[in-house]
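Colleague: Fold the following and give me the result.
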Amino acid sequence: MSRVFAFALLLACAGPAAADAIVLKDGRRFEGEVTDKGDRYAVKGKFGTVYFDKKDVAKVEMPPVEEYRQRAGALSDQDAEGHFLLGVWCREQGLRAEARAEFEKAIAADSEHGGARRELGHSKIGARWGTPAELLESVEALVKLGKVDAARDRLGPIAANAETLDKDGQRRVWMLMTNLEMRAGNREKAGEAIGKWADLAPGHEKTAAKVRERIVVDSPDGRFSLGEADLAGMQSAPGDAPLQAGRQPLWDERVMKVAILREAAKDEAQGLKMMAEAESLVVADPEKALRMYKNAEDFFGHANEIVPNYGRQHQIESIRKMVPLLFSLAISADDRQVENNPLNEKYEMKRNAAGALKFTPDGLKKFEEMRRNWNVHVGKLDEYLKEIDRLNARFPEELAANKLAYAKLHKSVEEFVPKVRAYFDSAAKQYK
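Modeller: Down below sits the predicted model:
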């Protein structure tokens, strides 16, 4: 075996795989950093560098990003087709940013390169290529003019390449598609489009987006029933056709706004019902009353997420009624855990044969009962304090009058409760 072949064999078998690889025509594979040296390839590995004649090499393997860099470096700025083909290769390799860059280079070299234009979502408006943003503006203009078929034809190529747009652009595409499909009576396709739009909504708009999606999907005919009261408060833009009471199309944003308001109103009504029930239970069952106030606040909060500030006033009212009840229950739980703490209790004990002090059966029973009771009160205290913390983070002004009680409860949980828990654990180990 020659020294060169032995060294190459050592390189092929050495350590974990490196970034690149050479595959010879006889099937052997050598891994390392591959460099093109003209008529040879150099493979730099852990134990050094070996060289292979290109005539003996079947293929060179390298990570897609590195291969892209080498391919891109070999292209002229004027080679539009070369940049386009490299962009297609990048897209197939999952290199989306690099693909977009190559398509843009192809257009820079040839502004009429149709393949690169289409890859970027461009389409022709007359004799002129348009960007997605320009095309979307033209689609919106066609929609306003009522030219639905022309708008759908123009939107189709953009929707097919929607993933190349940023999130705002994609949402714009899917909202337009929803509008057009509803106008055409295609409920299923409208539901698919509005679902894609809702999935791309930012976090603070997610609830409202999902409500809009549900309205579209649940409507049997793509319409919504308007009443005379809805028409009285409706605002219309210049050029909008007048609306009548009865079933009206949801693609009309005026109608959709009424439908969304109705959803928020449902949550508000449910919250008011919960709050009234809570008020009737404050004396008889304060813990259940607290749960009902919390449920009411959740309904009002959900209404706020559907329509900003829709249930805000009632939400604040429910919190103001909840806070004193919550503190009363928390302070009561704290008092009980203090009363039930074992630090000053004595239990029946006796010494065993080895002279160690141990619980008697009655003493152990008393100890375990106190431990259970104490844990119940601490659990409630912890639950109430977490709820107080949540409200304080969101509505500090509503809790400002309870600062001293708030501080006392936190101190109890942070200082006193750990001492009692440590005592229970120590006694259980020492005296059982």
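
Colleague: switch to C-alpha atoms for all contacts and neighbour counts from now on
Modeller: Fine.

Colleague: And the helix or strand containing residue 83, how far out from the chain middle?
Modeller: Applying DSSP states H and E as the criterion places residue 83 in helix 80-92. Distance of helix 80-92 from the chain centroid (Cα atoms, centre = their mean, to the nearest Å) equals 33 Å.

Colleague: Buried ones in that helix, by neighbour count?
Modeller: Under the neighbour-count criterion of 16 or more other Cα atoms under 10 Å, helix 80-92 has 80, 81, 82, 83, 84, 85, 86, 87, 88, 89, 90, 91 buried.

Colleague: From residue 74, how far out is the fourth one?
Modeller: Same thing as residue 83. Here the distance between residue 83 and residue 74 works out to 10 Å (Cα to Cα, to the nearest Å).

Colleague: Identify the residues contacting the helix holding residue 83?
Modeller: Helix 80-92 is contacted from outside by 64, 68, 71-72, 75, 96, 98-103, 105-110, 113, 115-116, using Cα atoms under 8 Å, 6 or more residues apart in numbering.

Colleague: Mind giving me the ChimeraX command for buried ones among these?
Modeller: Per 16+ other Cα under 10 Å, the buried members of the contacts of helix 80-92 correspond to this ChimeraX selection:
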select :68,72,96,98,99,100,101,102,103,105,106,107,109,113,115,116
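
Colleague: mind listing the strands for the stretch 201-350 of the chain?
Modeller: Per DSSP state E, counting those that start in this stretch, the stretch 201-350 of the chain carries strands over the ranges 223-226, 246-249, 349-351.

Colleague: Revised request: answer the last question for the stretch 51-200 of the chain.
Modeller: Using DSSP E, counting those that start in this stretch, strands in the stretch 51-200 of the chain cover 57-61, 123-125, 128-130.

Colleague: I'd like to know which of those strands lies nearest to residue 239.
Modeller: strand 123-125 (25.6 Å; Cα to Cα).

Colleague: mean confidence for that closest one?
Modeller: The pLDDT scores in strand 123-125 average 68.

Colleague: next one: stretch 168-177
Modeller: Here stretch 168-177 scores 93 as its mean pLDDT.

Colleague: domains for the protein, by residue range?
Modeller: As given by automatic domain parsing, the domain ranges for the chain are 3-55, 63-120, 124-210, 264-323, 333-431.

Colleague: deepest of those, which one?
Modeller: Among these, domain 264-323 has the highest mean neighbour count (mean count of other Cα atoms under 10 Å), at a mean of 20.

Colleague: What's the mean pLDDT across that domain?
Modeller: Domain 264-323 shows a mean pLDDT of 93.

Colleague: Columns distance to residue 149 on top of the strands of the stretch 51-200 of the chain, output as TSV?
Modeller: Output for those, formatted as TSV (distance: least, Cα to Cα, whole Å):
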stretch	distance to residue 149
strand 57-61	49
strand 123-125	15
strand 128-130	19
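
Colleague: Of those, which shows the lowest average pLDDT?
Modeller: Across the strands of the stretch 51-200 of the chain, strand 123-125 has the smallest mean pLDDT, namely a mean of 68.

Colleague: Format the domains of the chain as CSV; extra columns: distance to residue 238.
Modeller: Converted to CSV, these look like this (distance: least, Cα to Cα, whole Å):
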stretch, distance to residue 238
domain 3-55, 63
domain 63-120, 35
domain 124-210, 12
domain 264-323, 24
domain 333-431, 41
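
Colleague: Would you mind getting the angle between the longest strand seen in the chain and strand 57-61?
Modeller: With secondary structure taken from DSSP state E, the chain has its longest strand at strand 29-36. For strand 29-36 against strand 57-61, the angle by axes from the mean of the first three to the mean of the last three Cα atoms, to 10 degrees is 80 degrees.

Colleague: what's around residue 221, how many residues?
Modeller: By other Cα atoms under 10 Å, the residues close to residue 221 number 16.

Colleague: residues in contact with it?
Modeller: Residue 221 neighbours (Cα under 8 Å, 6+ apart): 185, 187.

Colleague: Please apply the same query to residue 380.
Modeller: Per Cα under 8 Å, 6+ apart, neighbours of residue 380: 330, 333.

Colleague: what's the following helix or strand after the helix or strand where it lies?
Modeller: Following DSSP H and E, one finds residue 380 within helix 361-394. Using DSSP H and E, the helix or strand that follows helix 361-394 towards the C-terminus is helix 396-399.

Colleague: what does that following helix contact?
Modeller: 316, 319, 320, 323, 391, 392.

Colleague: Could you rerun that using 7 Å?
Modeller: Contacts to helix 396-399, defined as Cα atoms under 7 Å, 6 or more residues apart in numbering, come from residues 320, 392.

Colleague: pLDDT on it, on average?
Modeller: Helix 396-399 comes out at a mean pLDDT of 84.

Colleague: ok, residues contacting the helix or strand following that helix?
Modeller: Along the chain past helix 396-399, the next helix or strand (assigned with DSSP H and E) turns out to be helix 403-411. Here helix 403-411 makes contact (Cα under 7 Å, 6+ apart) with no residue beyond itself.

Colleague: shaky segments in the stretch 101-250 of the chain?
Modeller: 125-126 (pLDDT under 70).

Colleague: rerun that using 90 as the cut-off
Modeller: 111-112, 114, 117-140, 143-149, 152-166, 184-185, 187, 204, 229-243 (pLDDT under 90).

Colleague: All the helices of it, residue numbers only.
Modeller: 114-119, 132-144, 148-160, 167-183, 187-199, 206-218, 228-232 (DSSP state H, counting those that start in this stretch).

Colleague: The ones you listed: which one's closest to residue 385?
Modeller: Closest approach to residue 385 among these is made by helix 206-218 (27.7 Å; Cα to Cα).

Colleague: tell me the angle of that closest one relative to helix 167-183?
Modeller: Going by the same axes, to 10 degrees, helix 206-218 makes 20 degrees with helix 167-183.

Colleague: now helix 206-218, how far from the chain's geometric center?
Modeller: On Cα atoms, centre = their mean, the centre of helix 206-218 falls 17 Å from the chain's centre.

Colleague: Next: stretch 319-334.
Modeller: Centroid separation for stretch 319-334 versus its chain: 33 Å, with Cα atoms, centre = their mean.

Colleague: got the contact list for that stretch?
Modeller: Outside stretch 319-334, the residues that touch it by Cα under 7 Å, 6+ apart are 290, 293, 297, 377, 378, 380, 381, 384, 385, 398.
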